[in-house]
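Trainee: what's the 3D shape of this:
(one chain, ligands or ions: 1)
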Amino acid sequence: MKSHIIGYHTTQFGELWDKSLFDLVEESILGVLKNTNIEFGDIDAIFFGNMLGGILENNLHSGAKIADIFGLTMPIFRVEGACASGGMAFHLANEYVKSGKGKTVLVIGAEKMTDVQPEYITQGLMSAASGEEQESGMTFPGLYALMARVYLKKFGYNKSNLAAVAVKNHMHGFLNPTAHFRKIITEKQALESSLVADPLGLLDCSPVSDGAASLIISTNPTLIKKRHHVKVLSSQVATDSISLLQRNSLIELKATQIAAEKAFGESKIKRSDISIAEVHDCFTIAELFAMEDLGFWTKGEAGRRVTQYETLRDNNGPLIVNTSGGLKASGHPVGATGIKQIGELYVQLTNQADKRQIKNVKYGLAHNVGGSGGTAVVTIIGI
Ligand code: COA
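Mentor: Numbering: from 1, shown residues only. Here you go, the predicted model:
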């Protein structure tokens with residue numbers, strides 16, 4: 001059965017100190033219902049992508065909490081896959097309607113990260129890493145910095161080859177009204193930003209953000225035809241070892257490669273058919289890996305090609321990457337990110353992207369990663 005996305009809503013991403021996790025959930029669920037003119041009576045189930053609610057605020061059993069807010073009795077599932085929680089929730093929601101278990105489902109991702117001290121959020125995020133990585137005092141900037149050092153050395157690049165990603169994604173985020181940062185930065189600023197984990201500086205990192213985003217997926221022809229809609233051509237999940245120690249290579253994410261192969265295989269479209277992609281740039285190095293592991297560029301090429309700004313919207317190339325601003329500028333409320341990525345493709349494919357609209361887009365790809373690559377979700381949608 002073919003599934004379609006028929007609506008999207010996102011809250012502002014950023015430091016939202018006056019809103020709780022469930023305020024954000026409520027705002028986004030009501031927002032997507034309003035945008036689609038759909039009522040709870042049409043929804044068969046809700047899927048909720050969230051990583052840190054249990055750790056940061058002792059808030060689990062979130063399906064029942066969402067039911068309580070709206071007075072619902074339908075099935076509500078919480079899905080956790082670290083920073084890929086949103087993408088995984090989307091995957092399961094899509095499988096639910098494709099299997100015929102329900103006709104229309106709502107999938108929401110949300111995270112509330114800014115109410116706690118930085119060391120507490122860093123420790124919470126590290127629950128997505130291996131035991132030895134936790135015990136050695138590693139952080140996610142540290143783990144990605146290790147991978148960056150190996151990549152830069154192997155291919156003869158330097159920090160400028162990373163900075164270009166931050167410059168591009170901040171330019172894109174400037175046009176996105178719900179982005180965490182709407183600030184253009186220069187390469188000099190990126191290179192001179194304070195060091196977080198060598199070679200990654202502040203402007204190589206995605207921020208700690210709050211936010212929620214929702215989509216409605218349906219197989220119901222009556223609902224679909226009256227709304228802006230796009231087809232879900234494939235959603236694939238792959239996993240790999242959680243620890244960098246167990247990996248054969250530190251310059252690629254195998255889970256991304258596997259999920260991408262399956263997604264292109266199922267959707268029967270070519271890499272060259274994709275004109276927009278939202279890739280998981282939790283750190284600048286991660287966008288280089290994504291472009292290579294998704295098969296758009298060959299291994300080792302990304303460091304050079306990003307400095308040519310081929311995927312910047314103003315350059316009108318065949319593939320524009322991270323029109324939302326990516327995780328870098330749009331923000332990274334971890335459970336919400338995977339839904340926002342697919343939502344950004346949806347608004348672009350249905351010509352609702354306003355000032356950041358890219359012309360003539362038919363196919364889009366979203367790539368969401370959990371941890372340092374232990375989980376990857378690749379989703380392809382098209383008109
Ligand atoms: N990019 C750009 N600016 C940022 C930023 C980022 N990633 N993070 C913070 N800032 C800005 C803030 O807006 C603030 O600006 P202001 O002084 O003008 O208000 C300033 O930098 C200091 O912010 P602060 O919140 O004190 O930063 P911090 O030092 O506590 O945190 C990081 C910075 C990079 C350590 C933090 O954002 C981080 O840990 N990011 C990675 C999150 C992560 O690991 N996610 C999971 C990925 S797998």
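
Trainee: mind listing what K34 touches?
Mentor: Going by CB atoms under 8 Å, 6 or more residues apart in numbering, K34 touches H9. For glycine as for every other residue, the C-beta is placed from the backbone atoms N, C-alpha and C.

Trainee: mind listing what's buried in the lowest-mean-pLDDT helix or strand in the chain?
Mentor: Here the helix or strand of the chain ranked lowest by mean pLDDT, DSSP states H and E is helix 53-57, holding a mean of 94. Across helix 53-57, burial judged by 16 or more other CB atoms under 10 Å covers G53, G54, I55, L56.

Trainee: can you put the residues you listed in a markdown table and add distance to the ligand?
Mentor: Shown next, in a markdown table, are the buried residues of helix 53-57 (distance: CB to the nearest ligand atom, whole Å):
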| residue | distance to the ligand |
| --- | --- |
| G53 | 16 |
| G54 | 17 |
| I55 | 13 |
| L56 | 13 |
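
Trainee: Turn these into TSV, columns for distance to I108.
Mentor: Formatted as TSV, the buried residues of helix 53-57 follow (distance: CB to CB, whole Å):
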residue	distance to I108
G53	13
G54	17
I55	19
L56	18
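
Trainee: ok, and for the longest strand that the chain contains, which residues are buried?
Mentor: Using DSSP state E, we find that the single longest strand of the chain is strand 230-239. If you call a residue buried by 16+ other CB under 10 Å, then strand 230-239 has these buried ones: V230, K231, V232, L233, S234, S235, Q236, V237, A238, T239.

Trainee: ranges for the strands of the chain?
Mentor: 4-10, 45-49, 76-79, 104-111, 195-197, 200-201, 211-218, 230-239, 276-278, 320-321, 363-370, 375-382.

Trainee: For the second one, which strands pair with it and how are they oriented?
Mentor: Right, strand 45-49. Using DSSP bridges, the strands paired with strand 45-49 are strand 76-79 (parallel), strand 104-111 (parallel).

Trainee: what's the angle between the longest one and strand 363-370?
Mentor: For strand 104-111 and strand 363-370, the angle between their directions (axes from the mean of the first three to the mean of the last three CA atoms, to 10 degrees) works out to 50 degrees.

Trainee: do strand 104-111 and the ligand meet at all?
Mentor: No: against the ligand, strand 104-111 shows no contacts by CB under 6 Å from any ligand atom, the least distance being 10.3 Å.

Trainee: Can you pull the residues of this structure lying near the ligand?
Mentor: Residues of the chain found near the ligand (CB under 6 Å from any ligand atom) are 83, 118, 122, 125, 140-141, 181, 196, 202-203, 205-208, 282, 332.

Trainee: Stretch 362-382: end-to-end distance?
Mentor: Distance between the boundary residues of stretch 362-382 (CA to CA, to the nearest Å) amounts to 5 Å.

Trainee: Please state the offset of that stretch from the chain centre?
Mentor: Centre-to-centre, stretch 362-382 and its host chain are 7 Å apart (CA atoms, centre = their mean, to the nearest Å).

Trainee: cool, and stretch 205-216?
Mentor: Here the centre of stretch 205-216 is set off from its chain's centre by 8 Å, with CA atoms, centre = their mean.

Trainee: Keeping just the C-alphas, turn that stretch into PDB.
Mentor: Only the C-alpha atoms of stretch 205-216 are listed here, as PDB (Å, rounded to 0.1, in the frame of the first residue of the first chain):
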ATOM      1  CA  CYS A 205      28.900  21.900  16.300                       C
ATOM      2  CA  SER A 206      25.100  21.600  16.200                       C
ATOM      3  CA  PRO A 207      23.700  23.400  19.200                       C
ATOM      4  CA  VAL A 208      21.600  22.200  22.200                       C
ATOM      5  CA  SER A 209      18.000  23.100  21.200                       C
ATOM      6  CA  ASP A 210      14.400  22.700  22.200                       C
ATOM      7  CA  GLY A 211      11.700  22.000  19.600                       C
ATOM      8  CA  ALA A 212       9.000  19.700  18.200                       C
ATOM      9  CA  ALA A 213       7.900  18.700  14.700                       C
ATOM     10  CA  SER A 214       5.000  16.700  13.400                       C
ATOM     11  CA  LEU A 215       3.900  15.000  10.200                       C
ATOM     12  CA  ILE A 216       0.700  13.100   9.100                       C
END
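
Trainee: Can you list phi and psi of S249 for me?
Mentor: Per-residue torsions, S249: phi -140, psi 140 (degrees, to the nearest 10).

Trainee: got a list of what it touches?
Mentor: Listed by CB under 8 Å, 6+ apart, S249 has no contact partners.

Trainee: give me the number of residues near the spatially closest residue to G81 that is not a sequence neighbour?
Mentor: Using CB to CB, 6 or more residues apart in numbering and skipping residues adjacent in sequence, the residue nearest G81 is M88, 3.9 Å away. A total of 24 residues lie near M88 under the criterion other CB atoms under 10 Å.

Trainee: wait, what's in contact with M88?
Mentor: G49, V79, E80, G81, V237, G338, N368, G370, T375, V377.

Trainee: Looking at those residues, state which has the most neighbours.
Mentor: That'd be N368 among the contacts of M88, by other CB under 10 Å, with 35 neighbours.

Trainee: quick one: the closest residue in space to L125 that isn't next to it in sequence from S209, how far?
Mentor: For L125, ignoring the flanking residues on the chain, the nearest one in space by CB to CB, 6+ apart is F140 at 5.6 Å. In this view, F140 and S209 are 14 Å apart by CB to CB, to the nearest Å.

Trainee: and if you look at N161?
Mentor: N161 sits 26 Å away from S209, going by CB to CB.

Trainee: ok, now which ones touch I46?
Mentor: With contact taken as CB under 8 Å, 6+ apart, I46 is in contact with I29, G63, I66, L72, M74, P75, I76, F77, V105, L106, V107, I108.

Trainee: If we use 10 Å, what do you get?
Mentor: 25, 29, 40, 63, 66-67, 70, 72, 74-78, 89, 93, 105-108, 214 (CB atoms under 10 Å, 6 or more residues apart in numbering).
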